[in-house]
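Novice: Have a look; sequence and predicted model below, questions after that.
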Amino acid sequence: MAYADQNQMSGNRMTVFIVVAILHIVVGYALVSGLAASAYKKIKETTSAIDIKDEPPPPPPPPPPKEKLPPPPPIVAPPPKIQLNVVTPHIETVQTPPPPAPPQVVALPPPPPAAPPPPPRFTAKPASLKGASSGLMSDNDYPTSAMREGKQGVTGFRLTVGPDGRVTDCTVTKSSGSPELDDTTCKLATRRARFSPALDGDGKPTSGSYATSVRWQIPKD
């Protein structure tokens with residue numbers, strides 16, 4: 001019980017005690033004065049008239065104010081599900097044929113020896129110069145500029161001879177040291193040299209070659 005309720009009950013009891021004390025005094029006075037009967041009726045009326053009731057309890061204290069709660073977060077609908085059409089690739093299985101078996105090495109018999117070539121019916125001959133090689137050039141063919149400059153030396157050369165015995169080409173194999181002397185040598189040999197053509201194994205004319213040299217020396221007076 002609260003402290004206020006205890007104080008209220010004590011006040012009620014005190015009131016009751018005072019009333020009872022007054023009644024006792026009245027009763028005693030009535031007995032003394034001989035008015036007991038009338039006093040008894042009055043006391044009964046008085047006691048029946050007094051209806052001691054407990055005061056109602058005080059109202060309960062008001063409830064504490066409710067704390068304002070923050071508003072709930074807005075309800076957001078989840079994003080719609082996106083369905084992707086996944087195309088499964090079609091995988092074709094290609095059966096690879098087994099590798100071919102390695103070739104079998106079969107030993108072949110050695111070939112028969114080749115027949116020896118038939119002996120030539122004619123002995124081949126090289127091209128031969130008609131006349132002496134010294135007759136191809138003379139002192140009168142000495143280049144004037146080379147003589148004036150005192151140039152002299154030996155020019156080696158090779159002539160290519162055709163099947164008709166004529167010179168078709170001239171190559172300097174050894175230079176005299178003077179380009180003018182080398183050029184004069186090939187020009188005179190190509191123009192003046194005549195040959196008997198070379199012969200093959202059948203005795204037929206064929207191409208051949210002839211090599212020689214000439215010494216260029218300034219003539220003395």
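Specialist: Now that the structure is in, tell me what you want to look at.

Novice: can you give me the strands for this structure?
Specialist: According to DSSP state E, the chain carries its strands in the segments 128-129, 153-161, 167-174, 195-196, 198-199, 205-206, 208-216.

Novice: hang on, isn't Lys174 packed against Thr155?
Specialist: Yes. Using C-beta atoms under 8 Å, Lys174 is in contact with Thr155, at 6.7 Å. (Each C-beta comes from the backbone N, C-alpha and C, glycine too.)

Novice: Quick one: residues contacting Pro219.
Specialist: Pro219 is in contact with Asp139, Tyr142, counting by C-beta atoms under 8 Å, 6 or more residues apart in numbering.

Novice: And it, how far from Pro60?
Specialist: Applying C-beta to C-beta, to the nearest Å, the value for Pro219 to Pro60 is 166 Å.

Novice: same question, Pro197
Specialist: Distance from Pro197 to Pro60, counting by C-beta to C-beta: 156 Å.

Novice: Leaving out sequence neighbours, find the closest residue to Thr206.
Specialist: Spatial nearest neighbour of Thr206, chain neighbours left out: Asp200 (4.7 Å); criterion: C-beta to C-beta, 6 or more residues apart in numbering.

Novice: ditto for Gly208
Specialist: Excluding the flanking residues, the one nearest Gly208 by C-beta to C-beta, 6+ apart is Ala198, at 3.0 Å.

Novice: Would you check that the one you found makes contact with Tyr210?
Specialist: No. Counting by C-beta under 8 Å, Ala198 stays clear of Tyr210, with 9.2 Å between them.

Novice: Spit out the residues that contact the two alike.
Specialist: Pro126, Ala127, Val161.

Novice: Nearest to Ala115 among these?
Specialist: Using C-beta to C-beta, Pro126 is the member of the shared contacts of Ala198 and Tyr210 that lies nearest Ala115, at 28.8 Å.

Novice: What count of nearby residues applies to the closest one?
Specialist: Here the number of neighbours of Pro126 (other C-beta atoms under 10 Å) works out to 13.

Novice: State the distance from it to Pro205.
Specialist: For Pro126, the distance to Pro205 (C-beta to C-beta) stands at 12 Å.

Novice: Can you pull the residues that touch both of the two?
Specialist: Ala198.

Novice: Need the per-residue pLDDT for Asp5.
Specialist: In this model, Asp5 is scored at 48, pLDDT.

Novice: go on, Pro102?
Specialist: 71.

Novice: Gly131 too?
Specialist: The model reports Gly131 with a pLDDT of 84.

Novice: Quick check: it touching Arg194?
Specialist: Yes. In this structure Gly131 lies within contact range of Arg194 using C-beta under 8 Å: 7.4 Å.

Novice: Could you report the neighbour count for Arg192?
Specialist: By other C-beta under 10 Å, the residues close to Arg192 number 13.

Novice: Mind jotting down where the helices sit in this structure?
Specialist: Along the chain, the segments classed as helices by DSSP state H run 3-33, 36-49, 144-148, 179-192.

Novice: Which one of the ones you listed has the poorest average confidence?
Specialist: Lowest mean pLDDT within the helices of the chain: helix 36-49, a mean of 56.
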